[in-house]
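[1] next comes the sequence, and after it the predicted model I'd like to discuss.
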Amino acid sequence: DGQVVQPAAGEGALENHLGGDEARNYRKYEYDMIAPHVGRSMLEIGSGLGHFSEQFAGRLDYLAVSDNDPYCVDELRKRYEDNGDVEVLDLALPADVKIRQKVDTVVMMNVLEHIAEDVQALRDLAAVTEPGGRIVIWVPGYMQLYGDFDRKVGHVTRYTPATLGKSVRAAGLEPEVLKPINFLGGIAWW
């Protein structure tokens, strides 16, 4: 619609401060919540500068990282250039995901809210997930909290457990766990 949107990550980007070098404790908290659901191979969607995925790099047999911001893709390639077990993808969903091998886990940390066609994006990810695998989704909650920050970084929506479950089911997937993570943080954000 012609609206200028701040990239989610990259040099000086707004969201980068939430998950970059300045937020190690928060990133560790996210890792502790997500790690029990990750198998031996992982595709991270919207990897930004690779701060979150680097926590998994040593424990996986295969890691694919992705972003659609040229700055981030370039930085990911630099970060993992000497690691043949890591594949870097320039990827904007929805799309046919071209990946070296299927994975048992897809992780999306604060990405789905940027994608207008979320159901198709989930279908595309399911196509590269091994049978019985998981797609782990972390999204901002509650449209009542939608504001200027969301608009500036290109958030299409915020989710509730019910609305996220609706999108997941519409993609032909079965949700295992749908729950708010940081309810008190939502109150502070509001």
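    Noted; the coordinates are in hand.
[2] okay, the longest strand that the chain contains in CSV with CA atoms only?
    Across the chain, the strand with the greatest residue count (assigned by DSSP state E) is strand 129-138. C-alpha atoms of strand 129-138 as CSV (Å, rounded to 0.1, in the frame of the first residue of the first chain):
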residue,chain,number,x,y,z
THR,A,129,8.7,-30.7,7.8
GLU,A,130,9.2,-34.4,8.3
PRO,A,131,6.1,-36.4,9.2
GLY,A,132,5.5,-36.1,12.9
GLY,A,133,7.7,-33.0,13.0
ARG,A,134,6.8,-29.7,14.6
ILE,A,135,6.3,-26.1,13.6
VAL,A,136,7.0,-23.9,16.7
ILE,A,137,5.4,-20.5,16.5
TRP,A,138,6.1,-17.5,18.8
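[3] give me the next element, helix or strand, following it.
    Remark: after strand 129-138, the chain's next helix or strand is helix 148-152, criterion DSSP states H and E.
[4] for the residue nearest in space to the middle of the chain, helix, strand, or coil?
    Residue closest to the average C-alpha location in the chain (Cα atoms, centre = their mean): M108, at 2.3 Å. M108 falls in the strand class when you classify it by DSSP: H, G, I helix; E, B strand; the rest coil.
[5] what does the pLDDT read for it?
    You'll see M108 listed with a pLDDT of 96.
[6] quick one: buried residues of stretch 75-92?
    Residues of stretch 75-92 classed as buried: 75-76, 79-80, 86-89, 91 (neighbour count, 16 or more other Cβ atoms under 10 Å). The way it works is simple: take the backbone N, C-alpha and C, and place the C-beta from them, glycine included.
[7] likewise stretch 104-119?
    In stretch 104-119, the ones that count as buried by 16+ other Cβ under 10 Å are 104-115, 118-119.
[8] can I get it as CSV, trimmed to CA atoms?
    Extracted in CSV, the C-alpha atoms of stretch 104-119 (Å, rounded to 0.1, in the frame of the first residue of the first chain):
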residue,chain,number,x,y,z
ASP,A,104,11.9,-32.3,12.1
THR,A,105,11.4,-28.8,13.5
VAL,A,106,10.5,-25.3,12.0
VAL,A,107,10.9,-22.4,14.4
MET,A,108,9.3,-19.0,13.8
MET,A,109,10.1,-16.4,16.4
ASN,A,110,8.0,-13.3,15.9
VAL,A,111,7.6,-13.8,12.2
LEU,A,112,4.1,-15.1,11.4
GLU,A,113,2.6,-11.7,12.4
HIS,A,114,4.4,-10.1,9.4
ILE,A,115,2.8,-12.5,6.9
ALA,A,116,-0.7,-11.6,5.5
GLU,A,117,-1.1,-15.1,4.0
ASP,A,118,-0.3,-16.9,7.2
VAL,A,119,-2.2,-20.0,6.4
